[in-house]
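Colleague: need a structure here:
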Amino acid sequence: MQAFDDPSLLINMSVWTSPDSLKDFMFRTHHRDFMRRKGEWFEKLNEDSYVLWWIEEGHTPTAEEAKARLQHLREHGDSPYAFTFKANFTPDDL
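Modeller: Next up is the predicted model:
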């Protein structure tokens, strides 16, 4: 799937029960070994390259939704609508 005009940019989406459960997977399982090596495979961007947001149970997010949330994050910073691991927004903040 090519979600961006630049073919070297890729999109990776998954649904988790919480940011903490995603962080646990990323940094406390074998996946951390891949995270340590990401500099070998990916260029560092000068803007946010990932976004988190809460969804309703049963909702399947789309690539277009992710792109809109990422753009909102880049323009406005962390908010309940679109945030990074640095923020602690909960579904109640919506």
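Colleague: hey, let's count contacts and neighbours off CA atoms from now on
Modeller: Will do.
Colleague: in this protein, which helix has the most residues?
Modeller: Using DSSP state H, we find that the single longest helix of the chain is helix 63-76.
Colleague: chain center to that one, what's the gap?
Modeller: Averaging C-alpha positions (Cα atoms, centre = their mean, to the nearest Å) puts helix 63-76 10 Å from its chain's average.
Colleague: And the contacts of that helix?
Modeller: Applying Cα atoms under 8 Å, 6 or more residues apart in numbering, the external contacts of helix 63-76 come out as 3, 11, 13, 47-51, 53, 79, 81-83.
Colleague: just checking, residue 25 is part of a helix?
Modeller: Yes: using DSSP: H, G, I helix; E, B strand; the rest coil, the secondary structure at residue 25 is a helix.
Colleague: I figured it was touching residue 31, is that so?
Modeller: Yes: if you go by Cα atoms under 8 Å, residue 25 and residue 31 touch, sitting 6.8 Å apart.
Colleague: OK, contacts around residue 25?
Modeller: Residue 25 neighbours (Cα under 8 Å, 6+ apart): 31, 32.
Colleague: at 7 Å instead, please
Modeller: Neighbouring residues of residue 25 by Cα atoms under 7 Å, 6 or more residues apart in numbering: residue 31.
Colleague: Check the gap between it and residue 17 for me.
Modeller: 12 Å (Cα to Cα, to the nearest Å).
Colleague: can you map out the helices along the protein?
Modeller: For the chain, the helices defined by DSSP H occupy 19-28, 31-36, 38-41, 63-76.
Colleague: Out of those, which is the most enclosed?
Modeller: helix 63-76 (a mean of 16; mean count of other Cα atoms under 10 Å).
Colleague: Phi and psi next, for residue 49.
Modeller: Backbone geometry at residue 49, expressed as degrees, to the nearest 10, gives phi -120, psi 0.
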